[in-house]
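Enquirer: Got a sequence here, can you model it:
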Amino acid sequence: MAASATAARPLAAVPVPRSARRQADRVAVLPRAPRAVQGLSLGRPARLPARARRSVRCLAALSPEMRATLDKVVGSSKVVLFMKGTKDFPQCGFSHTVVQILRSLDVPFETLDVLANEALRQGLKEYSSWPTFPQLYIDGEFFGGCDITVGI
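Expert: Prediction:
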């Protein structure tokens, strides 16, 4: 018993760092959530005010000028791919996959980089009613995205 008491004694003499002495000093105080979101959890449906439940659309995304421009671009070539990056340097795996499929079929196609223009990217989502990229157009008609192109 004496041996274990002496073995524990040197550890008791080790100084405790100041940061470990007061745990309360390290607890962050978070601001209170806004009243509209208090009580929300993943387990039950949200009870937001009626005003917040209405869907919100960005009406400025597809102006008449943007629609005319997209009509012209989509009709300018037999196959048009709106993608992230370019056909030589795709910026996402889905865009890369569609480019590889079109190349394997020896299909001549034009590409437009949606990452270069935020207005184009947002307008195109509304134009096609398709929220993701790439978007493939054949003969002026929306064909689909990567998942649909892989299925052909």
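Enquirer: residues making contact with stretch 141-152?
Expert: Here stretch 141-152 makes contact (Cβ atoms under 8 Å, 6 or more residues apart in numbering) with 94-95, 97-98, 101, 128, 130, 132-137. C-beta here means a position set from N, CA and C on the backbone, and glycine is covered the same way.
Enquirer: rerun at 6 Å
Expert: 94, 97, 98, 101, 128, 132, 136 (Cβ atoms under 6 Å, 6 or more residues apart in numbering).
Enquirer: what's the neighbour count on the fifth one?
Expert: With neighbours defined by other Cβ atoms under 10 Å, the count for residue 128 comes to 20.
Enquirer: for the one 5 residues further on, same thing?
Expert: Other residues lying near residue 133 total 25 when counted by other Cβ under 10 Å.
Enquirer: Would you check that it makes contact with residue 114?
Expert: Yes - Residue 133 is in contact with residue 114 according to Cβ atoms under 6 Å; the separation is 5.5 Å.
Enquirer: Out of the contacts of stretch 141-152, grab the one that's most surrounded.
Expert: Result: residue 98 is most packed of the contacts of stretch 141-152 (other Cβ under 10 Å), 28 neighbours.
Enquirer: okay if I get the contacts of stretch 141-152 as TSV plus distance to residue 108?
Expert: Shown next, in TSV, are the contacts of stretch 141-152 (distance: Cβ to Cβ, whole Å):
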residue	distance to residue 108
94	21
97	18
98	14
101	14
128	22
132	24
136	14
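Enquirer: from those, which is closest to residue 62?
Expert: residue 128 (10.1 Å; Cβ to Cβ).
Enquirer: Show me what the nearest residue to that closest one once chain neighbours are set aside is bridged to.
Expert: What sits nearest to residue 128 in space, not counting adjacent residues and going by Cβ to Cβ, 6 or more residues apart in numbering, is residue 142, at 4.7 Å. Following DSSP bridges, residue 142 is listed with bridge partners residue 137.
Enquirer: What about residue 142, how many residues nearby?
Expert: There are 18 residues near residue 142, going by other Cβ under 10 Å.
Enquirer: For it, give its distance to residue 99.
Expert: 18 Å (Cβ to Cβ, to the nearest Å).
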